[in-house]
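Student: Could you work out the structure for the sequence below:
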Amino acid sequence: MLLSEVFLKLGEDHFGVLVRGVSMGKLRTYQRFESFKVHAHLGKLNTETLRKAIPRLWARLGEGDQDLAADLAQAILLSHLDLILAVLEFLGIPNDNGFFAKDVDASAHLTPGWQQRVYDQFRGAYPAPVLLLYINHLASELDKSAECFLEPGEKEEI
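Tutor: This is a model prediction of the structure:
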């Protein structure tokens, strides 16, 4: 599952919510500010320029820009580390403050139905677009066989 496809399947409305939730402070704290600015093709990065860039970023994702998708996902998820920590703890996946080793074997933790269990546990506690992005991001990292997970009853936008 490609991250650009995840964004597209979540839909343009969810995408706007996700991008508007990016924290400039978190990007600076984790030293991702300049890198994100460059990959987003923004001369200046602040909440206003990022909000105005949403249509261009959406179009680039539609063209399959995987580097942008990865940077966007990272920027969005860094802004919601509390969610990441809660989900990883809920699943029992070993991590270091929300970050796990790239070679971690999470198969024992990602048993069938894990996406739905995570969604049921955390819906209402976190914004749905962020929760859905993280479920799918985690699947793309650790559960290569997983399909894109959407809210029950939601249609894919692609």
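Student: May I have whichever helix in the chain runs longest as CSV, with CA atoms only?
Tutor: If each helix of the chain is counted by residues according to DSSP state H, the longest one is helix 128-142. Extracted in CSV, the C-alpha atoms of helix 128-142 (Å, rounded to 0.1, in the frame of the first residue of the first chain):
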residue,chain,number,x,y,z
ALA,A,128,-10.9,10.4,12.6
PRO,A,129,-8.6,11.6,9.7
VAL,A,130,-5.5,11.4,11.9
LEU,A,131,-6.5,8.0,13.4
LEU,A,132,-7.2,6.6,9.9
LEU,A,133,-3.9,7.9,8.5
TYR,A,134,-2.0,6.3,11.4
ILE,A,135,-3.7,3.0,11.1
ASN,A,136,-2.8,2.9,7.4
HIS,A,137,0.7,4.3,7.9
LEU,A,138,1.4,1.6,10.5
ALA,A,139,0.0,-1.0,8.1
SER,A,140,2.3,0.2,5.4
GLU,A,141,5.3,0.0,7.7
LEU,A,142,4.6,-3.3,9.5
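Student: which residues does the residue lying closest to residue 143 once chain neighbours are set aside contact?
Tutor: Using C-beta to C-beta, 6 or more residues apart in numbering and skipping the chain neighbours, the partner closest in space to residue 143 is residue 110 (4.8 Å). Heads up, the C-betas are built off the backbone N, CA and C, glycines and all. Residue 110 makes contacts with 91, 139, 142, 143, 146, as judged by C-beta atoms under 8 Å, 6 or more residues apart in numbering.
Student: hmm, back to that, what residues of the longest helix of the chain count as buried?
Tutor: 128-140, 142 (16 or more other C-beta atoms under 10 Å).
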